[in-house]
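Asks: Sequence plus the predicted model coming up.
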Amino acid sequence: MKKSIVVNYISFIFLVLALCACKREVYDFPDIETAYYPLDSGKYIIYEVDYVLYNDFESRVDTFHYFLKEQVGKTETDNLGNVYYRIERYVKADSLGAEWQFQQVWAAQVHDNKAFRIENNQRFIAIAFPLSPNKDWDGLVYIRKDTTISIPGGTIDIYKDWGNFKIQTFDQPETIDGIDYDSVLTIKRVDKINNIERRYSLEKYAKNIGLVFKQDSILDTQCGGNIASCINTPWGQKAEKGFILNMKLIETNR
């Protein structure tokens, strides 16, 4: 039976930490590499977010535009004695003058040559150190790949066909949405496509800042029962179920 997790894009869900680890050999790597995943209490990043939700039950497409603030909170210790940081998340409507509304708490941790991120009780290995060209790793080792999430109109196999996360580039200057970064790490988390399913996820981290860009496309379609009729149609037009998420940094105090 598939494990079902109810995830609402702006729900008020608190994190229940369940950090687990097993003994692994530890290698030395330059401390400067962890600068891609800085964790300092009080630091924050504000993202501009575009979220497109495809509801096949009601045959509708809803578009949301909002702002997301992630602030590093205080440190705590898990049941293995390892330090992690609270990641406090706030959202507000499509106006920079609106009030921030608390959303939920996630967590982050650098331990055992890995950068972890815990989102809605799901523990990802966001980055594996040391960095090297084309390096890959199982970023979902703590997550069941048959996990489904509930979205308006039904459920979707969010991690179907996901393989290893892979480094595309690192320590490369890049301009992202008009902002110049000296050193960027790009990680392709998944890029799978067939006639009825699209799974794509890409993240970019800037040194001394953290995550600065994220793009997810988790989409399904049956093309109204005639798959052959829309094979070459762009996914943004033919998708019937799932979501597209785009996040980009617009402000930080790092």
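Replies: Alright, I've got the coordinates.
Asks: Asn164 reaches Trp137, doesn't it?
Replies: Yes - taking C-beta atoms under 8 Å as the definition, Asn164 is a contact partner of Trp137 at 5.8 Å. All C-beta atoms are positioned from the backbone trio N, CA, C, and that covers glycine.
Asks: Contacts only, for the residue nearest in space to the middle of the chain.
Replies: In the chain, the C-alpha closest to the average C-alpha coordinate belongs to Lys214, at a distance of 6.6 Å (C-alpha atoms, centre = their mean). For Lys214, the contact set (C-beta atoms under 8 Å, 6 or more residues apart in numbering) comprises 201-204, 245-247.
Asks: same thing with Tyr90?
Replies: Under the contact definition (C-beta under 8 Å, 6+ apart), the residues listed for Tyr90 are 68-69, 71, 100-103.
Asks: all helices for the stretch 51-200 of the chain, in order.
Replies: In order along the chain, the stretch 51-200 of the chain carries no helices (DSSP state H, counting those that start in this stretch).
Asks: so where is it shaky, pLDDT-wise?
Replies: When residues are selected by pLDDT under 70, those of the stretch 51-200 of the chain lie in 96.
Asks: Pull the distance from the host helix or strand of Lys214 to the chain's centre.
Replies: Lys214 is part of strand 210-220 when elements are defined by DSSP states H and E. Here the centre of strand 210-220 is set off from its chain's centre by 6 Å, with C-alpha atoms, centre = their mean, to the nearest Å.
Asks: close enough to count as contact, Asp180 and Ile209?
Replies: No - the pair formed by Asp180 and Ile209 falls short of the contact definition of C-beta under 8 Å, at 12.0 Å.
Asks: Out of the two, name the residue with the larger neighbour count.
Replies: Taking neighbours as other C-beta atoms under 10 Å, Asp180 and Ile209 compare with Ile209 leading, 20 against 9.
Asks: what about the nearest residue to that one once chain neighbours are set aside, how many neighbours?
Replies: If the residues on either side of it in the chain are set aside, Ile209 comes closest to Arg254, at 5.1 Å by C-beta to C-beta, 6 or more residues apart in numbering. By the criterion of other C-beta under 10 Å, Arg254 has 13 neighbours.
Asks: Tell me how far Arg254 lies from Thr169.
Replies: In this structure, Arg254 and Thr169 are 21 Å apart, going by C-beta to C-beta, to the nearest Å.
Asks: residues of the longest strand along the chain that come out buried?
Replies: In the chain, ranked by residue count with DSSP state E as the criterion, the top strand is strand 60-77. Of the residues in strand 60-77, those buried by neighbour count under the rule 16 or more other C-beta atoms under 10 Å are 66-73.
Asks: Check stretch 40-60 too.
Replies: Those buried within stretch 40-60 under the rule 16+ other C-beta under 10 Å are 43-49, 51-56.
Asks: Make a markdown table from the residues you listed and add distance to Leu185 to it.
Replies: Supplementary listing: the buried residues of stretch 40-60 in a markdown table, determined by distance: C-beta to C-beta, whole Å:
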| residue | distance to Leu185 |
| --- | --- |
| Lys43 | 18 |
| Tyr44 | 20 |
| Ile45 | 15 |
| Ile46 | 20 |
| Tyr47 | 17 |
| Glu48 | 21 |
| Val49 | 21 |
| Tyr51 | 24 |
| Val52 | 26 |
| Leu53 | 29 |
| Tyr54 | 30 |
| Asn55 | 35 |
| Asp56 | 35 |
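Asks: Thanks a lot, catch you later.
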